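Novice: Any chance you could fold what I've pasted below:
(one chain, ligands or ions: 2)
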Amino acid sequence: MGPAAHNLLADSLVLGIESSCDETAVALVKGDRTIIAQRIASQEAEHAPYGGVVPEIAARAHAERLAPMIESVLDDAGIALNDVDAIAATAGPGLIGGVMVGLVSGKALAMAAGKPLLAINHLEGHALSPRLADDALEFPYLLLLVSGGHCQILSVEAVGKYRRLATTIDDALGEAFDKSAKILGLGYPGGPAVEKLALGGDPKAVPLPRPLKGSAEPHFSFAGLKSAVMRAADSGDHSAADIAASFQQAAVDCLIDRLEKALGETGPMPALVVAGGVAANRTVRAALETLAAKHAMRFTAPPLELCTDNAAMIAWAGCERLHLGESDPLDIKARPRWPLDPDAESARGAGVKA
Ligand code: KG4
Ligand code: ZN
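Specialist: Ligands and ions are numbered 1, 2, ... in the order given. Sure thing, here's the model as predicted:
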């Protein structure tokens, strides 16, 4: 590739749209990794009374907010739609109503501006987000993807090439944080609340299980841990802070044990990367940093605002795919389920929820 072509890639501008869960987000990202402008509107207030995300309310909120937010982001950047090189929109997996709102908006913009559409897998957005933050992060890397809906270990070999080494057989880790928060009487979303409460607690105070620790395959299970949290809370023997700290420690111990197992399968990897909402947790990050140092791996965690759902990661995944010459047809469908590695076998016992 000559220098002229290289500059074109660095100059390309991609508008990203994210609407797969409870954040409506729009971002404009440049191929040189600059986030030119972005807006995120959380629906926390709308869903809080229900203790979780209500799909119908989410879809309506995305539909109301998205168009004005797209206008604001372009205004903030002082850029006209016609100056954008491509439109990237999350096309799944997620709550289908919200995904359709974002994808349809992306299609309309792509059609109006005559620019390519990139239908992005939300998980690919999380998986590539560390490369937006860290320009020296090369393929391959071992990725721990921990969010409200997903808990996976992947070998990221190239853009579009993901090998899933492990998944959860029941709850995702973010879900376990959210459910534990509910048990402890904390608000939604639970992760940050549990982390805050745990600061004042003793991580060794409450004996809690480490589900699947030591098992042959690197899969996760968190349903039993959540049940143990419930029993500890019901017993009245422990403070909420001690339970929160002990839960967080048990979860971290599981992550490290399962990652060690995955590394046994892959052999040495140059880098360990964490992404997804739970990557915002400082105790989780610290433990991963120690693990990476032990294995002489580079460690990358995106800044907190890139860990939770956002549109910059969707725009960036769009940049990465655009640079490979890819685009998607305007009749591409939204997908409520969309595995990153379609060849991965389902984990034994998967789907058993406690
Ligand atoms: O990636 P994300 O924003 O949305 C999904 O795609 O799921 O992740 C949200 C999840 C929620 O379960 C939330 O409780 C969790 O990430 N989370 C945290 C923290 N911040 C967010 N969990 C633990 N500690 C945190 N600081
Ligand atoms: Zn997410």
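Novice: can we go C-alpha only for contacts and neighbour counts from here?
Specialist: OK.
Novice: Okay, now stretch 290-309: how far is its last residue from its first?
Specialist: Using C-alpha to C-alpha, to the nearest Å, one end of stretch 290-309 lies 26 Å from the other.
Novice: To clarify, my last question referred to stretch 197-208.
Specialist: Start-to-end, stretch 197-208 (C-alpha to C-alpha) is 17 Å.
Novice: and that stretch, anywhere near ligand 1?
Specialist: No: under the criterion of C-alpha under 6 Å from any ligand atom, ligand 1 is not reached by stretch 197-208; the shortest gap measures 10.2 Å.
Novice: chain center to that stretch: distance?
Specialist: Here stretch 197-208 is found 26 Å from its chain centre; the criterion is C-alpha atoms, centre = their mean, to the nearest Å.
Novice: so who does residue 345 touch?
Specialist: Applying C-alpha atoms under 8 Å, 6 or more residues apart in numbering to residue 345 gives no contacts.
Novice: That one belongs to a strand, doesn't it?
Specialist: No: under DSSP: H, G, I helix; E, B strand; the rest coil, residue 345 falls outside any strand and is assigned coil.
Novice: Can you give me the distance of it to ligand 1?
Specialist: As for residue 345, its distance to ligand 1 is 22 Å (criterion: C-alpha to the nearest ligand atom, to the nearest Å).
Novice: now do residue 128
Specialist: 13 Å.
Novice: Now that residue: phi and psi?
Specialist: phi -100, psi -10 (degrees, to the nearest 10).
Novice: Contacts only, for it.
Specialist: 159, 313, 316-317.
Novice: repeat for residue 21
Specialist: So residue 21 contacts 53, 58, 94-95, 98-99 (C-alpha under 8 Å, 6+ apart).
Novice: from the residues you listed, which is closest to residue 298?
Specialist: Closest approach to residue 298 among the contacts of residue 21 (C-alpha to C-alpha): residue 94, at 30.8 Å.
Novice: next one: the helix or strand encompassing residue 65 to chain centre, how far?
Specialist: Element membership for residue 65 (DSSP states H and E) is helix 55-77. Relative to its chain's centre, helix 55-77 lies at 20 Å (C-alpha atoms, centre = their mean).
Novice: packing partners for it?
Specialist: Counting contacts by 3 or more C-alpha pairs under 8 Å, 6 or more residues apart in numbering; DSSP states H and E, helix 55-77 is packed against strand 23-30, strand 35-42, helix 96-113.
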